[in-house]
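S.K.: attaching a predicted model along with its sequence, questions to come.
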Amino acid sequence: MANAALDPHAAIATTASGLGPALTTADGQPLARALARSQRRARRRAFLLVLPLLAFIVITFVVPIGQMLQRSFYNDGFSANMPQVSAWFAATERGTDPDDAAWTALAQDLVASADARSIGVVGTRVNYDMPGTRSLFTATGRQVRGGLEPPYREALLEINDSWGDPRLWSVMREASTPVTANFYLSAVDRTRDEDGRIQQVAEQQRIYLTLFWRTFWLSAVITGLTFVLGFPIAHLLATLPMRQSNLLMILVLLPFWTSLLVRTTSWMVLLQQQGVVNDILVWMGVIGGGQRLQMIYNQTGTIIAMTHILLPFMILPLYSVMRTINPSYVRAARSLGATSWTAFRRVYFPQTLPGLGAGAMLVFILAVGYYITPALVGGSSGQLISNMIAQHMTGTLNWSLAAALAALLLGAVLVLYWLYDRLVGVDNLKLG
Amino acid sequence: MKSTLILSTALTGLAFAASAQEVNVVSWGGAYETSQVEAYNKPFTEETGIRVNMIAADNPATPLRAQVEARNVTGDVFDVEVSDAIRLCDEGALMEIDPADLPAAPDGTAAADDFVPGALLDCAVANIVWGTVIAFNTTKFDEGAPATAADFFDLEAFPGQRGLPRNPKRTLYLALIADGVPAEEVYEVLGTDEGVDRAFAKLDTIKSQTVWWEAGAQPVQLLADGEVVMTTAYNGRVFDAMVAENQPFEIIWDGQYMDMDMFVIPKDAPNPEAAMEYLKFATDTQRLADQARYIAYGPARQSSAALVGLYQDGVTEMGPHMPTSPEALANAVMDDPEFWADHAAELTERFNSWLASS
């Protein structure tokens, strides 16, 4: 009943009861209690009405995303299937050379894991940190299935002398605990050397930081372009008489309702070297037949197609805010001697900021996670980080790395949101 | 009241699922799926009364892995690539399949001797052999058409944009072949750092003129639009465009990359018996030969080859269009799943980094 004090009705009831004989309802109950009860019921009903959505979000969104993100730091592929050697790693210091106990543990784990057909999981986990080792595990597994004779060290080295590689032992030590930061290291182009020190990966393997940077840069450019293109349209829509503005609105909404894939492929038809735009330019004699412009399958293609696709997300919030701006403010400013630029800058534009904030936020966050359009029209230079996430989800099946990349992306967006809140204020956001 | 409603709905759903004999097959969609429906599913349902539900996926290995991970397997038979079949089998996600259970060839040859090498694994049975090949638009070259993998990299003699898939698996080998590495040594060379450098150096020569494709339908479209003059593509798709749509395309078999598609059954498949029935039925000599009526992918059984006849249009001889025909095999690279299981991650990262550095 902590809320009772905040409740104006309850307060009135209490005050009322303090003044004279306690007020009661028609059936003789104290008014305060009846009120509190009815309010409890109303709150419960409101909660029950929200419950389906809450359950839906928790079951279909929070739990799966949480599980997915958990993979970014939790991978028990090695530790769960190689318990004895994991125990040896836990009991010894980093840098300890494998002794007889270690080799025995490794051999017994390998035999058990091969019999249980989990050796592939183990090999895959180690391969993430040391490429080229997966087949060492699966091939050895095939040979030791059913047993291995001591001395184990010699027996394993006999099968493949890579088992003696100190880097392999270092990587196995890394993998022997289920919780690891290695996937985050990979996601920022870092790796660990033999002694566990963090270092940058070889130059030709570096990719993710470049792509993160490119993703945020291109998203900012696209947000800027949607603003430049969308602002005048939204203004026109908001100021034209209803009949004309409705017609214009249809032109904005029709592409919005069209499938994303259809719009992307239309841009491919328009922009490719043998496409409509190049054909027209050649026909008009602007360029020669041999110098057709490369407008797609590169960064330009990604920017053009994404700007078009995301434009309505900027126009609609701007429009809804502009409609509510009273035109007499600008007229008043003009009548007081402001030039039209000053009137726009000091009176009109500040009032559109909530819509602009909402539009920019929507466009930027959507652009950061865009995947289909860059995949289709991005070529080699127009790829975004989500294309890498998709590749690790469906191609290399390294879900842990995909989760780490996704978590970093999510973190970066949250930081930007926080910055936005500090600088502009989220309460300045108006979606319609 | 509400709970009884939910309960009864759930029960009806269960009862319905249990009553019908069925098998869920997850495959790749498109013309390939059609060929499986025509050659396998229809006769199978006719003979056994078991209904087949075809489910399309971009790569069936992805839902398979997700279903196993979530311990809620809904598919019975999955059509996956060799490297995925090996991986999933090593990870204990698949049912083992004994070659002795598979039907023998009509002349009595046991299945183990009848399937082409590499087509039978511990947990998987191949149904087709398919190739990634170079295809070109015949209208784009007036004086002399390209004929070899080296011509693909020759921008002077054959100017125009090229199409290549955006992955290392089907690009690096082609660069090496074009650079003069014999087909059988490709993986040996690719296993060394110098070999990888050499492949990327060769790719550098056409990088500025390359359009990168991702889905199997894209290269054929790019070629038809005239956006590229030459591209690599899956041979069945090119054949489909050439024969069914009369496109002026031609295939260069030199430097073909051969791969197999395999049927696998996950460990916790809901209808394992029906799945095994389906798998046996679909991989017998006649069905594999029948599939070649609908798409230009080679049957994975030797005994099927003799039964391969005409395309469904009734005039086109399928033999020469098969990735397993003698001409096609002359300088072909067979997929090495072990190599890719080890190096896919590392080479993919290097490939992406190379792409991004333009």
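M.R.: Sure thing, it's come through. Residues are numbered from 1 along each chain as shown, chains lettered A, B, ... in the order given.

S.K.: hang on, residue B:163 in a helix?
M.R.: No. Using DSSP: H, G, I helix; E, B strand; the rest coil, the secondary structure at residue B:163 is strand, not a helix.

S.K.: quick check: bridge partners of it?
M.R.: Beta-bridge partners recorded for residue B:163 (DSSP bridges): residue B:211, residue B:231.

S.K.: next, count neighbours for it.
M.R.: Look at residue B:163: counted by other CB atoms under 10 Å in any protein chain shown, it has 24 neighbours. Glycine gets a C-beta too; all of them are placed from N, C-alpha and C.

S.K.: that one: what's it in contact with?
M.R.: For residue B:163, the contacting residues are B:210-213, B:218-219, B:222-223, B:227-228, B:230-233, by CB atoms under 8 Å, 6 or more residues apart in numbering or on different chains.

S.K.: in which helix or strand would I find residue B:224?
M.R.: Residue B:224 is located in helix B:217-225, with elements delineated by DSSP states H and E.

S.K.: may I have that helix as PDB, with CA atoms only?
M.R.: C-alpha atoms of helix B:217-225 as PDB (Å, rounded to 0.1, in the frame of the first residue of the first chain):
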ATOM      1  CA  ALA B 217      20.000 -17.300 -59.300                       C
ATOM      2  CA  GLN B 218      22.100 -14.100 -59.400                       C
ATOM      3  CA  PRO B 219      24.900 -15.000 -61.900                       C
ATOM      4  CA  VAL B 220      22.400 -16.300 -64.500                       C
ATOM      5  CA  GLN B 221      20.500 -13.000 -64.200                       C
ATOM      6  CA  LEU B 222      23.600 -10.900 -64.500                       C
ATOM      7  CA  LEU B 223      24.600 -12.800 -67.600                       C
ATOM      8  CA  ALA B 224      21.100 -12.400 -69.100                       C
ATOM      9  CA  ASP B 225      21.100  -8.700 -68.400                       C
END
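
S.K.: which residues touch the one helix or strand residue A:363 maps to?
M.R.: Counting by DSSP H and E, the element that carries residue A:363 is helix A:349-368. Under the contact criterion CB under 8 Å, 6+ apart, helix A:349-368 has outside partners A:215-216, A:218-220, A:222-223, A:226-227, A:230-231, A:234, A:306, A:310, A:313-322, A:325, A:329, A:384, A:409, A:412-413, A:416-417, A:420, A:424, A:428-431.

S.K.: against chain B, which of these make the cut? List them.
M.R.: Here nothing survives when the contacts of helix A:349-368 are matched to chain B using CB under 8 Å from any CB of the partner chain.

S.K.: which of those fall within helices?
M.R.: Residues of those located in helices (DSSP state H): A:215-216, A:218-220, A:222-223, A:226-227, A:230-231, A:234, A:306, A:310, A:313-322, A:329, A:409, A:412-413, A:416-417, A:420.

S.K.: filter those residues down to the buried ones.
M.R.: A:215-216, A:218-219, A:222-223, A:226-227, A:230-231, A:234, A:306, A:310, A:313-322, A:409, A:413, A:416, A:420 (16 or more other CB atoms under 10 Å in any protein chain shown).

S.K.: how about residue B:352, secondary structure?
M.R.: Three-state call for residue B:352 (three-state DSSP): helix.

S.K.: mind listing what the closest residue in space to it that isn't next to it in sequence touches?
M.R.: Nearest residue to residue B:352, sequence neighbours excluded (CB to CB, 6 or more residues apart in numbering or on different chains): residue A:207, at 4.9 Å. Residues near residue A:207 by CB under 8 Å, 6+ apart: A:189, A:388, B:349, B:352-353, B:356.

S.K.: okay if I get the residues you listed as a markdown table plus neighbour count?
M.R.: Formatted as a markdown table, the contacts of residue A:207 follow (neighbours: other CB atoms under 10 Å in any protein chain shown):
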| residue | neighbour count |
| --- | --- |
| A:189 | 20 |
| A:388 | 26 |
| B:349 | 25 |
| B:352 | 24 |
| B:353 | 20 |
| B:356 | 17 |
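
S.K.: in JSON lines, list these along with pLDDT and distance to residue A:90.
M.R.: Shown next, in JSON lines, are the contacts of residue A:207 (pLDDT from 0 to 100; distance: CB to CB, whole Å):
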{"residue": "A:189", "pLDDT": "93", "distance to residue A:90": "29"}
{"residue": "A:388", "pLDDT": "91", "distance to residue A:90": "34"}
{"residue": "B:349", "pLDDT": "86", "distance to residue A:90": "31"}
{"residue": "B:352", "pLDDT": "89", "distance to residue A:90": "36"}
{"residue": "B:353", "pLDDT": "90", "distance to residue A:90": "36"}
{"residue": "B:356", "pLDDT": "84", "distance to residue A:90": "40"}
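
S.K.: list just the nearest of the residues you listed to residue B:316.
M.R.: residue B:352 (39.7 Å; CB to CB).

S.K.: how is the chain divided into domains?
M.R.: You didn't say which chain, so I picked chain A. A:83-179, A:207-428 (the TED database).

S.K.: the chain in question should be chain B.
M.R.: Domain segmentation of chain B under automatic domain parsing yields B:2-129+B:260-321, B:131-258+B:327-356.

S.K.: can I get the ones you listed in TSV including distance to residue A:289?
M.R.: Below are the domains of chain B laid out as TSV (distance: least, CB to CB, whole Å):
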stretch	distance to residue A:289
domain B:2-129+B:260-321	35
domain B:131-258+B:327-356	13
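
S.K.: no more questions from me, cheers.
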